[in-house]
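Visitor: Need coordinates for the following:
(chains A and B)
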Amino acid sequence: DAKTTQPNSMESNEEEPVHLPCNHSTISGTDYIHWYRQLPSQGPEYVIHGLTSNVNNRMASLAIAEDRKSSTLILHRATLRDAAVYYCILQETSGSRLTFGEGTQLTVNP
Amino acid sequence: NAGVMQNPRHLVRRRGQEARLRCSPMKGHSHVYWYRQLPEEGLKFMVYLQKENIIDESGMPKERFSAEFPKEGPSILRIQQVVRGDSAAYFCASSPVGARGDQPQHFGDGTRLSIL
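Guide: Numbering: from 1, shown residues only, chains lettered A, B, ... in the order given. Model prediction:
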């Protein structure tokens, strides 16, 4: 499975935008970029995914570099409920499993 | 529209007993995945099942662990003769279509297994 690299932790203030980076320099042409988050004592929650183009949904935006070797998850206005571990995962076109790394622990300050 | 339901949420067993963890996928989903999260570690894939078939069990320990997803009823993860090292959170996920990179998986809130 292709590997991703994320910072261990990040901090943000409430109501401000948050940019969570992810490096995936060994990504293959058919790997999808997925983001999940895990709040304390809960299961992972799907956030967003993309292949080549930037994506937006009600939760977040995903910006994908032109060479696809990195991506950024954007939370437009952080709330206290966004405090979680965020995982950037590459999933093969024909893959079934998700390979979770360490993720980024996001702290949101009031 | 109910999400993935796992029960029990908490399960306590003594060493040597059996543990049965249940997972009901989201309505319309026929693909189920099990993951394990050991204390202070990340989630690890265990097994992927479709109705009545095990598709990928490469993440399952070779002994004591088994999984099934019958035609009717929930998926079951069974751990026989539990040991202290089995203490973990076990998460189930489901998807409507399997083995596709563009398919998100939807997770339940897990079963926390504690072995005394």
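Visitor: I'd like to know how many residues surround B:Phe107.
Guide: By other Cβ atoms under 10 Å in any protein chain shown, 24 other residues sit near B:Phe107. In short, each C-beta sits where N, CA and C put it, glycine included.
Visitor: actually B:Glu68, not the one I wrote
Guide: Around B:Glu68 there are 16 other residues, counting by other Cβ under 10 Å.
Visitor: do A:Arg37 as well
Guide: 23.
Visitor: secondary structure element for it?
Guide: In the assignment (DSSP states H and E), A:Arg37 maps to strand A:32-38.
Visitor: now the very next helix or strand once past that strand and strand A:32-38, what's the angle there?
Guide: Moving toward the C-terminus from strand A:32-38, the next helix or strand (DSSP H and E) is strand A:45-50. Strand A:45-50 runs at 160 degrees relative to strand A:32-38, counting by axes from the mean of the first three to the mean of the last three Cα atoms, to 10 degrees.
Visitor: Show residues contacting the following helix or strand past strand A:45-50.
Guide: Using DSSP H and E, the helix or strand that follows strand A:45-50 in sequence is strand A:55-56. Strand A:55-56 has contacts (Cβ atoms under 8 Å, 6 or more residues apart in numbering or on different chains) with A:48-49, A:61-62, A:64.
Visitor: Most neighbours among those residues, please name it.
Guide: Greatest neighbour count in the contacts of strand A:55-56, by other Cβ under 10 Å, goes to A:Leu62: 22 neighbours.
Visitor: Up against chain A, what does chain B have?
Guide: B:4, B:31, B:33, B:35, B:42-45, B:48, B:55-56, B:59, B:91, B:93, B:98-102, B:104-110 (Cβ under 8 Å from any Cβ of the partner chain).
Visitor: Just the buried residues of those residues.
Guide: Listed as buried from those are B:4, B:31, B:33, B:35, B:42-45, B:48, B:56, B:59, B:91, B:93, B:98-101, B:104-110; burial here means 16 or more other Cβ atoms under 10 Å in any protein chain shown.
Visitor: State the mean pLDDT of stretch B:44-63.
Guide: Averaging pLDDT along stretch B:44-63 gives 93.
Visitor: Between the two ends of that stretch, how far is it?
Guide: Distance across stretch B:44-63, first residue to last, is 17 Å (Cα to Cα, to the nearest Å).
Visitor: what do you get for stretch A:14-25?
Guide: Stretch A:14-25: ends 31 Å apart by Cα to Cα.
Visitor: just stretch B:106-116 next, same as before
Guide: 31 Å.
Visitor: Provide the partner residues of B:Asn53 in its beta bridges.
Guide: Counting by DSSP bridges, B:Asn53 is bridged to B:Gln50.
Visitor: Check whether the host helix or strand of A:Tyr87 comes into contact with chain B.
Guide: Element membership for A:Tyr87 (DSSP H and E) is strand A:84-91. Yes: on the criterion Cβ under 8 Å from any Cβ, strand A:84-91 is in touch with chain B at A:Gln91.
Visitor: That strand pairs with which strands, parallel or anti?
Guide: Paired strands of strand A:84-91, defined by DSSP bridges, are strand A:32-38 (antiparallel), strand A:104-109 (antiparallel).
Visitor: near chain B, which residues of chain A?
Guide: So far as Cβ under 8 Å from any Cβ goes, chain A lies against chain B at A:30-32, A:34, A:41-46, A:49, A:51, A:91-103.
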